[in-house]
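Colleague: For reference, the sequence and a predicted model appear below.
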Amino acid sequence: MELASLIEKPRVKNVYLKECGCRNPQEGDLTLVGHHLVFIPNLLNPTSVQNGELWLLYRAVDKVEVSITTKSNKTNDSKVELALLTLKCKNFLILVFQFTDIDDCEAVARAIEKLSNIDDIKLYYSYYYKCPFTVLDDGWLSYNVEEQFAKLLLKSGNKFRISTVNQNYSMCSSYPEKVIVPISNEDINLKISSTYRAEGRFPILAYYHQPKNVPIAISSQPLVGPLWRKCTEDENIVNSYLFGNGFGVIFDTRTKNLATLSRSRGGGVETNQNYSQYKYLHGKVPRIKEIKDSLRKLVALCQENDCGPDRWVRKLNDSGWLQSVSDSITAAATVAQIVDCEGKPVLIHGENGTDSTLLTGIFILLLTFIHNCSFFGRTIARCKFEVNTRISIINRKNLDNGLASKHIY
């Protein structure tokens, strides 16, 4: 296999599994294969959860740490150096392996670090996995653009069309090849608009709220810059989502200060003069870096064993996680109220129209569509928004802000 060359030490014997969730500490052999790390206990019992084989997908590893510790030798009262390999997983599980040989520990750590950061998509485990059962519900067919567009026509009439302006992802690498736009939007105008929006993310339909017959569109920030650039084609596209409703709302997920600051870097906001039919609102959706930082602090807090209740609550508030969740839901509730209560179309964007826009959009779907209350409904809602807008899973980074970026699935 192509990945075998990355494994320096394929098997290490007499490794002590010191920590692994609810699993009891035990000794065994550690084996590294193509896509998995396998721990085989000495007292192997395939039918037992505690004594069965432990398989860990490399892609599930978020962070690899190696540390050196000492242990007293009972026979001659000397100190013995041991190596600890700590694997922090993306599902917050932490595994700690104890090695008697430091070189073996470092070799295993290097291999896991490489195998958890493979860039070639064709080497991912999903391309090697053989399903052991008959698939009854194919997830790839759960959402289809043409099928959803046919349903949209029944709800909205002849207001929208499918555009293939992004064929071969020529306009925007993070949009699908087929996008849904108002029927009055010509492809040439969409191309011009993509040059005026960050990352080429021109306004497209994300969700149509049938009870009020109003759309929610998403895009990235306009590239206004310090010279106050404008684009007539983009103005016409944004206005086309009004459908005679009079006025709409542009919801910027950034605070006013951040949006103003971005203008000095070439970005900015839509001006009232050029987008006079829209009211401008600012949210306070946290940036992805802030969410990662707060989540990292929350996970670290949950691993503390000697923390009193008062101190734990104080550190929970200091982590910022609850505030991040509250700000995200507040932003989504604001847009949902505008759409459902006031019946006004909304255009949502942040800086690049990805992280905070996706977060806000999915929350809006959960708040406004009753069928999203079930687990399957929530899954489809998320699928709809992600497939419609193609906010790529490959761009989602791990919790660690180091140089090595890992993808979250």
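Modeller: Nice, thanks for sending it over.

Colleague: contacts, neighbours, all on C-alpha from now
Modeller: Will do.

Colleague: list the helices and strands the helix or strand that contains residue 195 packs on?
Modeller: Per DSSP states H and E, residue 195 falls inside helix 187-196. Applying 3 or more CA pairs under 8 Å, 6 or more residues apart in numbering; DSSP states H and E, one finds that helix 187-196 makes contact with helix 232-240.

Colleague: List the buried residues in the helix it packs on.
Modeller: Using 16 or more other CA atoms under 10 Å as the test for burial, helix 232-240 gives 233, 234, 236, 237, 238, 239, 240.

Colleague: quick one: average confidence on the very next helix or strand once past it?
Modeller: Using DSSP H and E, the helix or strand that follows helix 232-240 in sequence is strand 248-252. If you average the pLDDT over strand 248-252, you get 95.

Colleague: Given strand 248-252, what are its sheet partners and their directions?
Modeller: The pairing partners recorded for strand 248-252 under DSSP bridges are strand 278-282 (parallel), strand 346-349 (parallel).

Colleague: Next up, the contacts around the closest residue to residue 233 other than its chain neighbours.
Modeller: For residue 233, ignoring the flanking residues on the chain, the nearest one in space by CA to CA, 6 or more residues apart in numbering is residue 189 at 5.5 Å. Residue 189 is in contact with 233, 234, 237, counting by CA atoms under 8 Å, 6 or more residues apart in numbering.

Colleague: pLDDT score assigned to residue 189?
Modeller: As predicted, residue 189 sits at a pLDDT of 95.

Colleague: same check, this time on residue 304
Modeller: 79.

Colleague: now swap in residue 201 and tell me
Modeller: Listed pLDDT for residue 201 reads 93.

Colleague: Now do the helices in the protein.
Modeller: In the chain, helices defined by DSSP state H lie at 102-115, 145-156, 187-196, 232-240, 256-263, 288-302, 309-319, 321-337, 355-368, 375-389, listed in chain order.

Colleague: Using CSV, write down the CA coordinates of the second one.
Modeller: Extracted in CSV, the C-alpha atoms of helix 145-156 (Å, rounded to 0.1, in the frame of the first residue of the first chain):
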residue,chain,number,x,y,z
VAL,A,145,-30.2,19.8,-6.9
GLU,A,146,-32.6,19.1,-9.8
GLU,A,147,-35.1,17.3,-7.5
GLN,A,148,-35.0,20.1,-5.0
PHE,A,149,-35.4,22.7,-7.8
ALA,A,150,-38.5,20.9,-9.1
LYS,A,151,-40.0,21.2,-5.5
LEU,A,152,-38.9,24.9,-5.5
LEU,A,153,-40.8,25.6,-8.7
LEU,A,154,-44.0,24.3,-7.1
LYS,A,155,-43.5,26.6,-4.1
SER,A,156,-42.3,29.7,-5.8
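
Colleague: List the buried residues in it.
Modeller: 145, 149, 152.

Colleague: rewinding a little: most tightly packed of the helices of the chain?
Modeller: Comparing the helices of the chain by mean neighbour count (mean count of other CA atoms under 10 Å), helix 355-368 ranks first with a mean of 22.

Colleague: Just want the angle from that one to helix 288-302.
Modeller: 70 degrees (axes from the mean of the first three to the mean of the last three CA atoms, to 10 degrees).

Colleague: tell me which strands and helices helix 355-368 is in contact with?
Modeller: Here helix 355-368 touches strand 204-209, helix 321-337, helix 375-389, going by 3+ CA pairs under 8 Å, 6+ apart.

Colleague: how close does residue 322 get to residue 252?
Modeller: Separation of residue 322 from residue 252 (CA to CA, to the nearest Å) stands at 21 Å.

Colleague: Oops, could you answer that again for residue 60 instead?
Modeller: Separation of residue 60 from residue 252 (CA to CA): 34 Å.

Colleague: which of these two has more neighbours?
Modeller: Set residue 60 next to residue 252 and count neighbours by other CA atoms under 10 Å: residue 252 wins out with 27 against 20.

Colleague: count of neighbours near the closest residue to that one other than its chain neighbours?
Modeller: Spatial nearest neighbour of residue 252, chain neighbours left out: residue 282 (4.8 Å); criterion: CA to CA, 6+ apart. Using other CA under 10 Å, residue 282 is surrounded by 17 other residues.

Colleague: Look up how far residue 223 lies from residue 282.
Modeller: Distance from residue 282 to residue 223, by CA to CA: 17 Å.

Colleague: ok, now residue 109?
Modeller: For residue 109, the distance to residue 223 equals 44 Å [CA to CA].

Colleague: Residue 185 too?
Modeller: Residue 185 is 20 Å from residue 223, where distance means CA to CA.

Colleague: more neighbours, those two?
Modeller: Neighbours were tallied for residue 185 and for residue 223 using other CA under 10 Å; the higher tally belongs to residue 223 (25 against 19).

Colleague: Contacts only, for that one.
Modeller: 196, 197, 198, 229, 263, 266, 267, 268, 269.

Colleague: And for residue 111?
Modeller: 6, 7, 8.

Colleague: buried ones in stretch 34-51?
Modeller: 34, 35, 36, 37, 38, 39, 40, 41, 42, 50, 51.
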